[in-house]
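**Student:** A structural model of the following input is requested.
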Amino acid sequence: MKTPNIQKESIVRDSLGRGLRDIRISLTDQCNLRCGYCMPAEIFGQGYTFLPKPDILTFSEIKQVVVAFAASGGKKVRLTGGEPLLRPDVAKLVRSLRSIDEIDEIALTTNGLLLSKCASELKIAGLNRVTISLDAIDDATFRKMSGRDISVQKVLDGIACAEDAGLDVKINAVIIRGQNEDQVIPLAEHFRNTPHILRYIEFMDVGNCNQWAPKDVYTARDILAEIEELHALEPLDANYTGEVASRYRYQDGSGEFGIISSVSQPFCRDCNRARLSADGKLYTCLFAEKGTDLKPILRNRGCVQDRLQEIWTSREDRYSELRGLVSSKKVEMSYIGG
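**Tutor:** A predicted model of the protein is given here:
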């Protein structure tokens, strides 16, 4: 049964005129990999304390936030983590969110290791797409990047199961100079002539523990130059306002790919995303220092929509445009989701 709107939808805009269209929702701060740019093993080891269960939003509370988001003009929901599929019964949440009329798309970002077991169930529940993090196509580099002794084949199996289930599939690859830039071409060749869209991502200074430095950024220009040496390319228009990836198609018709260049070509002026942590803090920027805790409102039956709109209308974030001019202790990617 569809959930009716109680309040009329209104597009909410921030102080720079940016509408609220996307929300990224972290279901857990835990993960079964230890990628160095997100959750380095030397920090997130066996003794690391993750969020206690009572602090994590219930599915019902998450739905309350999404209903308020939808009534504020929101259209797209992405479930993330940590690794969201470590949370039991994610399909149940997807099914619940699918009942909200105004939500056009529900997607899930995952490392793919658990996807083989639940892809069909997620599709039936109403999931539209999975975005799978895959930073290398050979085992040695994959093990180095993921911090775990796992074969890349397990991720590829998850991709195949998602495709078989009828889910749209995107692949995200973070490229770091000196670590995996030799994977640009192997990844491109693997996903050419498939329905899956590969998106390369510049190494970003999200959080404080990934030892980011400008010298380690393998830029969009570097990536594009490599691929152009082998293939004739044609730039494509954005699918919608606020799309973060610059899009390119192979002129031989073998597919397309994208590059997300937050460092070398910031896109703050079109950013329309809010982020909700697993314990209910709303962030208006991936590089934010702190968020606003919605849990007291949720657990005391306050008006989530009013608070959400108040937060968004006062938003001024444009960290990537000011990088180098501002300094702050930023929220970790594993806590807020990418």
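
**Student:** got any ranges where the chain has weak pLDDT?
**Tutor:** Applying pLDDT under 70 to the chain flags the ranges 1-10, 324-327.

**Student:** at 80 what do you get?
**Tutor:** 1-10, 241-242, 324-328, 338 (pLDDT under 80).

**Student:** where do the strands sit along it?
**Tutor:** 22-26, 76-80, 105-110, 129-133, 168-175, 197-202, 233-236, 245-250, 256-260, 273-276, 281-283, 292-293 (DSSP state E).

**Student:** Name the strands paired with the third one and say parallel or antiparallel.
**Tutor:** Partner strands and pairing direction for strand 105-110 (DSSP bridges) are strand 76-80 (parallel), strand 129-133 (parallel).

**Student:** Most tightly packed of those?
**Tutor:** strand 76-80 (a mean of 23; mean count of other Cβ atoms under 10 Å). Heads up, the C-betas are built off the backbone N, CA and C, glycines and all.

**Student:** re the thing from before, including distance to residue 301, could the strands paired with strand 105-110 go into JSON lines?
**Tutor:** Below are those laid out as JSON lines (distance: least, Cβ to Cβ, whole Å):
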{"stretch": "strand 76-80", "distance to residue 301": "23"}
{"stretch": "strand 129-133", "distance to residue 301": "33"}
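
**Student:** For residue 213, find the nearest of those.
**Tutor:** Among those, the nearest to residue 213 by Cβ to Cβ is strand 129-133 (21.6 Å).

**Student:** Quick one: distance of that closest one to the chain centre.
**Tutor:** Distance of strand 129-133 from the chain centroid (Cα atoms, centre = their mean, to the nearest Å) equals 9 Å.

**Student:** what do you get for stretch 232-245?
**Tutor:** The answer for stretch 232-245 is 18 Å, by Cα atoms, centre = their mean.

**Student:** in that stretch, what's buried?
**Tutor:** Neighbour counts over stretch 232-245 (16 or more other Cβ atoms under 10 Å) mark 233, 242, 244-245 as buried.

**Student:** Repeat that for stretch 265-272.
**Tutor:** Buried, per 16+ other Cβ under 10 Å, within stretch 265-272: 266-268, 271-272.

**Student:** Quick one: the helices in the stretch 1-150 of the chain, in order.
**Tutor:** Under the criterion DSSP state H, counting those that start in this stretch, the stretch 1-150 of the chain contains helices at 59-70, 90-97, 119-125, 139-146.

**Student:** Pick the one among the buried residues of stretch 232-245 closest to residue 198.
**Tutor:** residue 245 (10.0 Å).

**Student:** quick one, what contacts the closest one?
**Tutor:** 199, 258-260 (Cβ atoms under 8 Å, 6 or more residues apart in numbering).

**Student:** run the last query once more with 6 Å
**Tutor:** Neighbour list for residue 245: 199, 258, 260 [criterion: Cβ atoms under 6 Å, 6 or more residues apart in numbering].

**Student:** list the contacts for residue 200?
**Tutor:** Residue 200 neighbours (Cβ under 6 Å, 6+ apart): 173, 175, 223, 259.

**Student:** For residue 26, see how far away the closest residue to the third one other than its chain neighbours is.
**Tutor:** Same thing as residue 223. By the measure of Cβ to Cβ, 6 or more residues apart in numbering, the closest residue to residue 223 outside its immediate chain neighbours is residue 200, 5.0 Å from it. Residue 200 is 23 Å from residue 26, where distance means Cβ to Cβ, to the nearest Å.

**Student:** Against residue 82, how distant is the residue nearest to residue 223?
**Tutor:** Taking Cβ to Cβ, one finds residue 200 at 23 Å from residue 82.

**Student:** Check residue 212 too.
**Tutor:** Taking Cβ to Cβ, one finds residue 212 at 20 Å from residue 82.

**Student:** Would you mind telling me which of those two has the busier surroundings?
**Tutor:** residue 82 (27 against 17; other Cβ atoms under 10 Å).

**Student:** What residues of stretch 293-310 count as buried?
**Tutor:** 294, 297-298, 304-305, 307-309.

**Student:** Can you show me the helices along the stretch 151-300 of the chain?
**Tutor:** Under DSSP H, counting those that start in this stretch, the stretch 151-300 of the chain gives helices at 153-165, 184-191, 220-228, 295-299.

**Student:** before we move on, the earlier item: just the buried members of the contacts of residue 200?
**Tutor:** By neighbour count, with 16+ other Cβ under 10 Å, the contacts of residue 200 hold 173, 175, 223, 259 as buried.

**Student:** Turn those into a markdown table, including distance to residue 12.
**Tutor:** Formatted as a markdown table, these follow (distance: Cβ to Cβ, whole Å):
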| residue | distance to residue 12 |
| --- | --- |
| 173 | 33 |
| 175 | 35 |
| 223 | 35 |
| 259 | 30 |
